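[1] sequence below, structure please.
(one chain, ligands or ions: 1)
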Amino acid sequence: MKIKIGTRGSLLALWQADYIQSKLENAGIDTEIVIIETKGDKILDRALSKIGSKGVFTEELEEQLHSGAIDIAVHSAKDLQSELDESLSIIAFTEREKINDVLVSHKEIDIKKELVVGTSSTRRVAMLRAYFPHFKIVDMRGNLQTRIKKMEDGACDAILLAFAGVNRMKYNDLIRHEFDNEQFVPPVGQGTVAIEISTKLAEVKASKIREICNDPETEQCLLAERAYLRELKGGCSIPVFGNGVLVENKVHFTAGIISLDGQKIIKVKETQKNESPEELGIKLANRILSEGGKEILEKIKAQL
Ligand SMILES: NCc1[nH]cc(CCC(=O)O)c1CC(=O)O
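    The predicted model follows:
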């Protein structure tokens, strides 16, 4: 059995592919990495929220899954749209690492003072406006290495990133501040790697890959988070957040939505009872919508 692993070509994506490759190889499976360029990699001069269509980082990978050119596609779970075509499925979420966002800088910074911070995520912009209104925000896209280079060249004082990516790219010594997960709730999927397949993939391959790579605890949380995002019909450029943590086999879910200017925040928290993780996610999405989230969402969609 040989598994062809499809991935984007950025260093972060390659780290993820290598990570999956070593799990499979350690279990005695032969693998090959196939690099595929996506729209999101090619278009670097426009904000992601303006490129519009969903799946900017995934569409080309999914085409190759369908054609059979690759057996699996490896993604940051965060970048994988919540609504998949029926012919596709996710068979594994790897063990999650720290989920928080961090500020990185090449110099010493004081977060109580005015700072120019680079980010391209609407969630991060909105949260900075809410909790760090003294920061000036500049749009910043591109892969981690490009962003750090831009910062060093003077585009900003610091950049806001996921700890997971910073850690994987070994920039830990640039971390100047770690945001609190309760306040700065991470987006759905942050910190775990997802494996996507075409439902046409042979069952023996699919079940073997799942057995080796899937972390059942992370999966419980991700099922809740992704159901929540799907129900909200948020899409990746909407500032919604949602994070599940498993305690004694129950998902503790914190979720919400924030207006683009950071002025309105709806945040709810519930623990799984008898419902499935997906049912919990759907329940929280509907609570948010009925408690004022619907109006915030509509306003955001009109603004973007
Ligand atoms: N949108 C890019 C992206 N996709 C996943 C990560 C970080 C790693 C992860 O969350 O798994 C990042 C970088 C970032 O947001 O700072």
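
[2] which strand or helix spans residue 219?
    helix 216-232 (DSSP states H and E).

[3] for that helix, which helices and strands make contact with it?
    strand 88-93, strand 240-247, strand 250-258, helix 277-288 (3 or more CB pairs under 8 Å, 6 or more residues apart in numbering; DSSP states H and E). Using the backbone N, CA and C atoms, a C-beta is placed for each residue, glycine as well.

[4] pretty sure residue 264 is touching residue 288, no?
    No. Residue 264 is beyond contact range of residue 288, at 11.8 Å (criterion: CB atoms under 8 Å).

[5] for residue 78, list the residues it contacts.
    162, 187-191 (CB atoms under 8 Å, 6 or more residues apart in numbering).

[6] go again using 6 Å as the cut-off
    In this structure, residue 78 makes contact with 187, 189-190, judged by CB atoms under 6 Å, 6 or more residues apart in numbering.

[7] try residue 16
    74, 193.

[8] find the nearest non-adjacent residue to the residue nearest in space to the middle of the chain, please.
    Note on the chain: the residue nearest the mean C-alpha position is residue 78, at 1.7 Å, using CA atoms, centre = their mean. Distances taken as CB to CB, 6 or more residues apart in numbering place residue 189 nearest to residue 78, at 3.9 Å, with adjacent residues excluded.

[9] residues near that neighbour, how many?
    Neighbours of residue 189 under the rule other CB atoms under 10 Å: 25.

[10] what of the one 5 residues further on?
    By other CB under 10 Å, the residues close to residue 194 number 27.

[11] pretty sure it is touching residue 88, no?
    No. Using CB atoms under 6 Å, residue 194 is not in contact with residue 88, being 11.3 Å away.

[12] nearest to residue 182, out of the helices and strands packed on helix 216-232?
    Proximity to residue 182 (CB to CB) singles out strand 250-258 among the helices and strands packed on helix 216-232, at 7.4 Å.

[13] other SSEs contacting that closest one?
    helix 216-232, strand 240-247, strand 265-271, helix 277-288 (3 or more CB pairs under 6 Å, 6 or more residues apart in numbering; DSSP states H and E).

[14] adding distance to the ligand and mean neighbour count, write the ones you listed out as TSV.
    Compiled in TSV, the helices and strands packed on strand 250-258 are given as follows (distance: least, CB to the nearest ligand atom, whole Å; neighbours: other CB atoms under 10 Å):
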stretch	distance to the ligand	mean neighbour count
helix 216-232	11	23
strand 240-247	12	23
strand 265-271	20	16
helix 277-288	18	21
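
[15] quick one: low-confidence ranges for the stretch 101-250 of the chain?
    Low-confidence segments of the stretch 101-250 of the chain, defined by pLDDT under 70: 234-236.

[16] tell me which parts of it are close to the ligand?
    Proximity of the stretch 101-250 of the chain to the ligand (CB under 6 Å from any ligand atom) is limited to residues 161-162, 164-165, 190-191.

[17] okay, the residues you listed in CSV with neighbour count and secondary structure next?
    Shown next, in CSV, are these (neighbours: other CB atoms under 10 Å; DSSP: H, G, I helix; E, B strand; the rest coil):
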residue, neighbour count, secondary structure
161, 25, strand
162, 24, strand
164, 25, helix
165, 22, helix
190, 26, coil
191, 23, coil
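
[18] could you check the angle whichever strand or helix holds residue 300 makes with helix 277-288?
    According to DSSP H and E, residue 300 maps onto helix 294-303. On the basis of axes from the mean of the first three to the mean of the last three CA atoms, to 10 degrees, helix 294-303 is oriented at 80 degrees to helix 277-288.

[19] for helix 294-303, output the C-alpha coordinates as CSV.
    Once non-C-alpha atoms are left out, helix 294-303 reads as follows in CSV (Å, rounded to 0.1, in the frame of the first residue of the first chain):
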residue,chain,number,x,y,z
LYS,A,294,-28.2,37.2,13.2
GLU,A,295,-28.2,41.0,13.0
ILE,A,296,-24.4,41.1,13.5
LEU,A,297,-23.9,38.5,10.8
GLU,A,298,-26.1,40.3,8.3
LYS,A,299,-24.4,43.6,8.9
ILE,A,300,-20.9,42.0,8.5
LYS,A,301,-22.0,40.3,5.2
ALA,A,302,-23.2,43.7,3.9
GLN,A,303,-19.9,45.4,4.9
